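A.B. asks: Let me see the structure of the following:
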Amino acid sequence: MKRLLALGLLGLAATTAAADPLTDLLAANRGFACYDRVYDAAHLAKNPNQRTRTIRLLLTDDPAIGGTTMRVSIRGRDGDRHIVAGCEWNEAPHLDVLGKPYIDTYKAGAGLVCHAAASSDGASAEEGGDFVAELRSADRIVLHLPDGIAAWPSYDTRPEAGFFDFGVDDRVFRVDRTADRLCVEMAERLPSAGDIWGPATDDEAPAVPAMPARP
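C.D. replies: This is a model prediction of the structure:
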């Protein structure tokens, strides 16, 4: 069996809540939720150092890891970045095992702690990095990235992910709920955390939620 996502999350503070808004959100929405943001010219003019032009985020229930898969696609002036991570709800997602923050931009309380994949088969010796997300409501998420994270420059995840740097203006993103159909391509072309860290055979893998058909 492939190594479990939990191995990556054990390095963070063990304060997972028994019940959480993330579980409620996905249970109420057939197991998935799509978010995005397109930055207009006025915003980019006020933030000339921001490289990100669009960002899209998909959450899906992932029984194979006992948590949630987050897929993030970022399009910027220096290319695309595709992140796949396993996430779970945590009372202090930005704190490490010593109780010290590893994401300095996060000031909220409970939220999602996520572990990024460095390869599509879970076999990479490299760690993909950790990041957090604030679930402000069912319709709004604020994503907090570190200054570097593992990501792929295209939907081809056969090579190991690269480690990409994010500038200070490309680390915090507010995304809003959008039509689920906009995230279908991400779901089809990027692996889930369960594909990466979950059971090795299809017979062992629990059913995952089905996205709507691509338009």
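
A.B. asks: CA atoms only for the helix or strand hosting Val72, dumped as CSV, please.
C.D. replies: Secondary structure from DSSP states H and E places Val72 in strand 67-76. Output in CSV follows, covering the C-alpha atoms of strand 67-76 (Å, rounded to 0.1, in the frame of the first residue of the first chain):
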residue,chain,number,x,y,z
GLY,A,67,-9.8,13.5,4.2
THR,A,68,-10.2,15.9,1.2
THR,A,69,-8.3,16.5,-2.0
MET,A,70,-7.6,20.1,-3.0
ARG,A,71,-6.6,20.9,-6.5
VAL,A,72,-5.3,24.4,-7.3
SER,A,73,-4.6,25.8,-10.8
ILE,A,74,-2.9,29.1,-11.0
ARG,A,75,-2.3,31.0,-14.2
GLY,A,76,0.2,33.8,-14.2
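
A.B. asks: And for it, what's in contact with it?
C.D. replies: With C-beta atoms under 8 Å, 6 or more residues apart in numbering as the test, strand 67-76 has contacts from 5, 22, 26, 51-62, 80-88, 112, 114, 133, 143, 151, 170, 183, 186-187, 190, 192-194. No exception for glycine: its C-beta is placed from N, CA and C like everyone else's.

A.B. asks: Figure out how far the following helix or strand past it is from the centre of its chain.
C.D. replies: Taking DSSP H and E as the definition, the helix or strand that follows strand 67-76 towards the C-terminus is strand 79-90. Mean-position distance between strand 79-90 and its chain equals 2 Å (C-alpha atoms, centre = their mean, to the nearest Å).

A.B. asks: for the protein, which residue is closest to the average position?
C.D. replies: Taking C-alpha atoms, centre = their mean as the criterion, Met70 is the residue nearest the geometric centre of the chain, at 3.4 Å.

A.B. asks: What separation is there between that residue and Ala45?
C.D. replies: Distance, Met70 to Ala45, by C-beta to C-beta, to the nearest Å: 30 Å.

A.B. asks: Then Asp147?
C.D. replies: Asp147 is 24 Å from Ala45, where distance means C-beta to C-beta.

A.B. asks: neighbour-wise, which of those two wins?
C.D. replies: Just comparing Asp147 and Ala45: by other C-beta atoms under 10 Å the higher neighbour count belongs to Asp147, 14 against 8.

A.B. asks: Enumerate every residue touching the closest residue to Leu25 other than its chain neighbours.
C.D. replies: Excluding its sequence neighbours, the residue lying closest to Leu25 (C-beta to C-beta, 6 or more residues apart in numbering) is Ala138, at 5.1 Å. Ala138 is in contact with 21, 25, 28-29, 33, 177, counting by C-beta under 8 Å, 6+ apart.
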